[in-house]
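Novice: Below are the sequence and a predicted model; questions follow.
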Amino acid sequence: MPTTMQQQRMYVKTTSGVDIVAGVWLILSPFILSFTEVTSALWNSIIFGIAVIALSALRETEEGTKVRWPSWTNAVIGLWLVLSPFILGFTDNRVAYINTLVLGIIVLILASWGALYTPKETEDM
């Protein structure tokens, strides 16, 4: 675990940066992987991709590294992405299903790590 506040903030920014890439992939993947005909998977990817990017971008700011809620919100989004193929009923489209499941796991893990590495001195903000 990083020891100094500076190291912790850098870790938060790194995990958030990778989550931004995951969010961009969420938005682009229906078009690149050709599952735009599965409208529930398409809109799920676009809407939650935008949310992941926005929340992760907030964590990239100096003030954003001091609060945990954006990362915890992204963790919930990651959990939703893992469950959404079953809830929205697109498990029959293997590409959309696997893509959403893998991205959900990535977002969930990175967002959780980012939240846990938020410097302790600033967690009450």
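Specialist: Now that the structure is in, tell me what you want to look at. Numbering: from 1, shown residues only.
Novice: Please enumerate the helices of this structure.
Specialist: For the chain, the helices defined by DSSP state H cover 5-32, 39-60, 69-88, 94-116.
Novice: ok, now which ones touch residue 41?
Specialist: Residue 41 sits next to 30, 35, 85, 88, 90, 93, 96-97, 100 when contact means CB atoms under 8 Å, 6 or more residues apart in numbering. C-beta here means a position set from N, CA and C on the backbone, and glycine is covered the same way.
Novice: Residue 84 too?
Specialist: 44, 100, 104.
Novice: Please report how far it lies from residue 46.
Specialist: 13 Å (CB to CB, to the nearest Å).
Novice: tell me, what's touching these two both at once?
Specialist: By CB under 8 Å, 6+ apart, no residue touches both residue 84 and residue 46.
Novice: Using a markdown table, lay out the contacts of residue 84 together with neighbour count, pLDDT and distance to residue 13.
Specialist: Compiled in a markdown table, the contacts of residue 84 are given as follows (neighbours: other CB atoms under 10 Å; pLDDT from 0 to 100; distance: CB to CB, whole Å):
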| residue | neighbour count | pLDDT | distance to residue 13 |
| --- | --- | --- | --- |
| 44 | 22 | 98 | 27 |
| 100 | 28 | 98 | 26 |
| 104 | 22 | 98 | 22 |
